[in-house]
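In: Pasted the sequence and its predicted model underneath.
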Amino acid sequence: MRVAMCAALAVALIAAAAQAQTPPIGKTVAEFGFTGRWAIDCTQPPSLENAHRAIWTDDKGAVQFKDAFGDKYFPLNYRVLAAKRIDNDLLELRVERTAQGRQDQIQKLVLMAEGNRTRTVANSSPDGRIYVKDGYAMPGEQPTPWLNRCAP
């Protein structure tokens, strides 16, 4: 009994220490610079050829973002579940994507930053489907576009 109690306490302490060492999602995302508004061309309205992305923190502290493609298309909404820097210019996100008001799927995104622009270099689902690999959208292998930071 005493051994089991000590083991449970040890597991709880290790979990708490690991959680304490993990920076909050909002801090990780902000330090990477993944905040505000982004677009291929900020001066033009959203369209299939000119995606717009808005990133914000809601009143509960959750980081969310929305990809808009114009009035004719439903936006894609994302809630960031986890975030970690994997290099100075790379941010890995685990997100819950919502389309048309319902949860669509969990995805892993890797974003690359270069100055005041960012792009998706990897995107996959937990079941192994790959949507973006090495900066190319699959299966057509079109390079993912760079999104530029828009003025506030």
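Out: Received the coordinates, thanks.
In: For P23, which non-adjacent residue is closest in space?
Out: Nearest residue to P23 in three dimensions, chain neighbours excluded: E31, at 8.0 Å (Cβ to Cβ, 6 or more residues apart in numbering). Placement of C-beta: from N, CA and C, glycine included.
In: How about R97?
Out: For R97, ignoring the flanking residues on the chain, the nearest one in space by Cβ to Cβ, 6+ apart is D104 at 4.7 Å.
In: What separation is there between the one you found and R129?
Out: Distance from D104 to R129, counting by Cβ to Cβ, to the nearest Å: 12 Å.
In: which one of those two has more residues nearby?
Out: Between D104 and R129, counted using other Cβ atoms under 10 Å, D104 has the larger neighbour count: 14 against 11.
In: May I see the buried residues of the helix or strand hosting that one?
Out: Here D104 sits within strand 102-114, counting by DSSP states H and E. Under the neighbour-count criterion of 16 or more other Cβ atoms under 10 Å, strand 102-114 has Q107, K108, L109, V110, L111, M112, A113 buried.
In: before we move on, the earlier item: could I get the helix or strand containing the residue nearest to P23 in CSV with only the CA atoms?
Out: With elements taken from DSSP H and E, the one containing E31 is helix 25-32. Taking Å, rounded to 0.1, in the frame of the first residue of the first chain, the C-alpha atoms of helix 25-32 are listed here in CSV:
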residue,chain,number,x,y,z
ILE,A,25,0.6,28.1,-25.7
GLY,A,26,-0.1,31.8,-25.9
LYS,A,27,3.5,32.7,-24.9
THR,A,28,5.0,30.2,-27.3
VAL,A,29,2.9,31.4,-30.2
ALA,A,30,3.5,35.1,-29.4
GLU,A,31,7.3,34.6,-29.1
PHE,A,32,7.3,33.0,-32.5
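In: Run me through the strand neighbours of the helix or strand following it, direction for each.
Out: Heading C-terminal from helix 25-32, the first helix or strand you meet, by DSSP H and E, is strand 36-39. Strand 36-39 pairs in its sheet with strand 52-57 (antiparallel), strand 147-149 (antiparallel), by DSSP bridges.
In: now R79: how far from T57?
Out: To T57, R79 is 11 Å away according to Cβ to Cβ.
In: shared neighbours of the two, anything?
Out: V63, Q64 (Cβ atoms under 8 Å, 6 or more residues apart in numbering).
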